[in-house]
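Colleague: Here's a sequence, model it:
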Amino acid sequence: MDLFRKKSVDQLVSESTPLKRTMHTFDLTMLGIGAIIGTGIFVLTGKGALTAGPALSVSFLLAAICCGFAGLCYAEFASMAPVSGSAYSYAYLAFGELIAFIIGWDLILEYALQAATVSAGWSGYFNKLLEGFGLHLPVELTAAYGTTPGVTTYFNLPGFVIVLLITWVLSIGINQTKRTNDIMVMIKLIIIVLFIVCTVWFVNPENWHPFSPYGIYTFQPGSTQPYGIVPAASIVFFSFIGFDAVSSSAEETVNPNKTLPRGILLSLAISTVLYIVMTLIMTGVVPYQEFAKFIDAPVAGVILATGLNWLAVIVNLGALIGMTTVMLVQLYGQSRICYAMSRDGLFPEFFGHVHEKYRTPFKGTWFFGILTAVAGGFININVLFELVNIGTLTAFIIVSAGILWMRKTQPDAHRGFKAPLVPFTPIISIVFCFVLIAGLNWETWVRFAVWFGLGLIVYFAYSRKRSKLGAEAGAKAVEAKATATTDKA
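Modeller: Below you'll find the predicted structure:
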């Protein structure tokens, strides 16, 4: 059996499903912003400012440009093959079944771990919000065991509950999902704009001098950590993780050939502008060195410096909503990839079952929702978080390489959107991704290799034998053999 048997564009499109097509450009843009703007704007800005100083705004721009190159590749694939499955489906088209399965297996880990990890951060902000009203949960129920050194905790109850609530919203239909996401993203954007409008008056331009204290890339005496614009870009790159999940909504999108590329690129553009404006204001209000005191909550440091204490509760609410939309989009993307893999026979039919009333992959959504809720509730997954990064970067590399390959092997295929400056665009995307992967620690490489090995075992023990594409190829081979035998007779 051929491990690298491929699907054609016509095959992928012909397998379109009974999922409801109700998503428009606005919904997809909101979906992308929902996935992108979350922990990045509320947490990573502090660490980034200490690494690059006020030039963190340039780091965000650099990371956005590099993500933009990958986004252009995703947009082209999405216009060629507007089907569920994102990078999994694109790999099936360009490189064949084995590579597609490995990428799908990789994305399942990425989406589940990110949602579970964000649920831990969500719990922290939720507890702060409760404290603002004089309410307190038992300490034992505020985090997973071993999360905070010196504090006895057993279970992350708020994180567990929010993941189950999001799973319920996802399971009852795409209309409810998009409406919930659209509302939350609009509230989040209003809160971010409110923060900008209220704090911009406190900016002291002197805090921007020197603008780039560490230059492009440098080491400080006695430190092994690199400083400067490029290292900060490597940190904040992960603020943009999530826009790729937009392409997994292809089968629920109206006119996906045009709508998907617009949604991907618009969400990236809007998020980038907000990140840069927020960064300039934050480093203008607070000298960048002082973010060391507020490394986990840099926005709180800015509010403290302005004296606008009333804004703290509103920003806490914005952080909660921001993280909720991130979890929603990650769990949504995961359920659609599992659905696509099940439809191809690589996963059990259970994950591809579409609910008659809600027209969603109901069982698969709840299976992974409960699994993610349990993982976020009981397991200290901070040590595994870098797996999200290596998983995302691997998917970016495969999609970018796929554009190079498809332009060579199928130059005349219909493309509703064409990435500009090919081959330079995908090559730049691939190079940048490899640079960031090289910067991850060796434990992440080992864990990823273990997950990769488990995926190969599942593929050869289960998926390869049950592949629908393989069954079709086998049936054709038998038919051809029978025809040849008849002709000889």
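Colleague: The closest residue to residue 97 other than its chain neighbours in helix, strand or coil?
Modeller: Leaving aside its sequence neighbours, residue 97 sits nearest to residue 5 (C-beta to C-beta, 6 or more residues apart in numbering; 5.3 Å). (Glycine included, C-beta is placed from N, CA and C.) With DSSP: H, G, I helix; E, B strand; the rest coil as the basis, residue 5 sits in coil.
Colleague: For residue 5, grab the count of nearby residues.
Modeller: Neighbourhood size, residue 5 [other C-beta atoms under 10 Å]: 16.
Colleague: give me phi/psi at it?
Modeller: The phi and psi values for residue 5, taken as degrees, to the nearest 10, are phi -60, psi 140.
Colleague: That one and residue 25, how far apart?
Modeller: 35 Å (C-beta to C-beta, to the nearest Å).
Colleague: what's the answer for residue 188, then?
Modeller: Taken as C-beta to C-beta, the span from residue 188 to residue 25 is 19 Å.
Colleague: Compare those two and say which is more crowded by neighbours.
Modeller: residue 188 (25 against 17).
Colleague: Is it correct that the more buried one is in contact with residue 35?
Modeller: No: contact criterion C-beta atoms under 8 Å: residue 188 and residue 35 do not qualify, at 11.8 Å.
Colleague: okay, and the common contacts of the two?
Modeller: residue 325 (C-beta atoms under 8 Å, 6 or more residues apart in numbering).
Colleague: where are the low-confidence patches of the stretch 251-400 of the chain?
Modeller: 251, 295-296, 381-386 (pLDDT under 70).
Colleague: To what extent is residue 469 buried, counted in neighbours?
Modeller: 20.
Colleague: for it, what are its contacts?
Modeller: By C-beta under 8 Å, 6+ apart, the neighbours of residue 469 are 5, 7, 97, 344-345.
Colleague: measure residue 53 to residue 313 for me?
Modeller: 30 Å.
Colleague: More neighbours: the two, which one.
Modeller: residue 53 (29 against 13).
Colleague: mind listing what that one touches?
Modeller: Residue 53 touches 210-214, 283, 288, counting by C-beta under 8 Å, 6+ apart.
Colleague: any idea how far residue 300 is from it?
Modeller: Taking C-beta to C-beta, one finds residue 53 at 20 Å from residue 300.
Colleague: Also residue 90?
Modeller: Distance from residue 90 to residue 300, by C-beta to C-beta: 41 Å.
Colleague: neighbour-wise, which of those two wins?
Modeller: residue 90 (28 against 19).
Colleague: mind checking the SS state of the more buried one?
Modeller: Residue 90 is classified as helix under three-state DSSP.
Colleague: Give me the spatial nearest neighbour of it, chain neighbours excluded.
Modeller: Counting by C-beta to C-beta, 6+ apart, the residue nearest residue 90 is residue 77, at 4.2 Å.
Colleague: what about that neighbour, neighbour count?
Modeller: 28.
Colleague: surely it meets residue 400?
Modeller: No: using C-beta under 8 Å, residue 77 is not in contact with residue 400, being 9.9 Å away.
Colleague: Touching both of these two, which residues are there?
Modeller: Residues touching both residue 77 and residue 400 (C-beta under 8 Å, 6+ apart): there are none.
Colleague: just checking, residue 130 touches residue 138?
Modeller: No: using C-beta under 8 Å, residue 130 makes no contact with residue 138, being 11.7 Å away.
Colleague: out of the two, which sits in the busier spot?
Modeller: Set residue 130 next to residue 138 and count neighbours by other C-beta under 10 Å: residue 130 wins out with 14 against 10.
Colleague: chain center to the helix or strand hosting that one: distance?
Modeller: Taking DSSP states H and E as the definition, one finds residue 130 inside helix 97-132. Mean C-alpha position of helix 97-132 versus that of the full chain (C-alpha atoms, centre = their mean, to the nearest Å) differs by 9 Å.
Colleague: which parts of it are buried?
Modeller: 97-129 (16 or more other C-beta atoms under 10 Å).
Colleague: which secondary structure elements does it contact?
Modeller: Contact here means 3 or more C-beta pairs under 8 Å, 6 or more residues apart in numbering; DSSP states H and E; on that basis helix 97-132 packs against helix 87-94, helix 157-171, helix 310-343, helix 362-378, helix 386-409, helix 442-458.
Colleague: Give me the contacts around the next helix or strand after the fifth one.
Modeller: Secondary structure here is assigned by DSSP H and E; on that basis, the next helix or strand after helix 386-409 toward the C-terminus is helix 424-438. With C-beta under 8 Å, 6+ apart as the test, helix 424-438 has contacts from 66, 69-70, 72-73, 234, 237, 389-390, 393-394, 396-397, 400-401, 403-404, 419.
Colleague: What of stretch 343-353?
Modeller: 15, 17, 92, 97, 101, 104, 338-339, 341-342, 361-364, 367, 459, 463, 466-471.
Colleague: Count the residues that sit near the closest residue to residue 237 other than its chain neighbours.
Modeller: The spatially closest residue to residue 237, leaving aside those adjacent along the chain, is residue 63, at 4.3 Å (C-beta to C-beta, 6+ apart). Other residues near residue 63 come to 26 when the count uses other C-beta under 10 Å.
Colleague: Can you list the low-confidence ranges for the stretch 1-150 of the chain?
Modeller: Looking along the stretch 1-150 of the chain with the criterion set at pLDDT under 70, you get 1, 12-13, 15-20, 39, 84-85, 147-149.
Colleague: Need the CA coordinates for stretch 133-146. CSV is fine.
Modeller: Provided in CSV are the C-alpha atoms of stretch 133-146 (Å, rounded to 0.1, in the frame of the first residue of the first chain):
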residue,chain,number,x,y,z
PHE,A,133,-15.8,41.4,44.8
GLY,A,134,-14.6,39.9,48.1
LEU,A,135,-15.2,36.4,47.0
HIS,A,136,-12.8,33.5,47.3
LEU,A,137,-12.7,29.9,46.1
PRO,A,138,-11.0,27.3,48.3
VAL,A,139,-7.3,27.5,47.4
GLU,A,140,-7.2,23.7,46.7
LEU,A,141,-9.6,24.2,43.8
THR,A,142,-7.8,27.1,42.1
ALA,A,143,-5.1,25.2,40.2
ALA,A,144,-3.8,21.7,39.3
TYR,A,145,-1.5,19.9,41.7
GLY,A,146,2.0,21.3,41.7
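Colleague: What are the buried residues along it?
Modeller: 141-144.
Colleague: Please state the offset of it from the chain centre?
Modeller: Counting by C-alpha atoms, centre = their mean, stretch 133-146 comes out at 28 Å from the chain centroid.
Colleague: so residue 417 sits right up against residue 79, yeah?
Modeller: Yes: in this structure, residue 417 is within contact of residue 79 by C-beta under 8 Å, at 4.0 Å.
Colleague: which one of those two has more residues nearby?
Modeller: residue 79 (22 against 19).
Colleague: what's the neighbour count on residue 4?
Modeller: Counted with other C-beta under 10 Å, the neighbours of residue 4 add up to 10.
Colleague: ugh, wrong one, I meant residue 411
Modeller: 8.
Colleague: Equivalent analysis for residue 199, please.
Modeller: 22.
Colleague: Number the residues from 23 up from this point.
Modeller: Done: numbering now begins at 23, and the last item shifts to residue 221.
Colleague: now for the host helix or strand of it, which elements pack on it?
Modeller: Assigned by DSSP H and E, residue 221 belongs to helix 196-221. Applying 3+ C-beta pairs under 8 Å, 6+ apart, one finds that helix 196-221 contacts helix 47-58, helix 179-193, helix 278-307, helix 320-328, helix 332-365.
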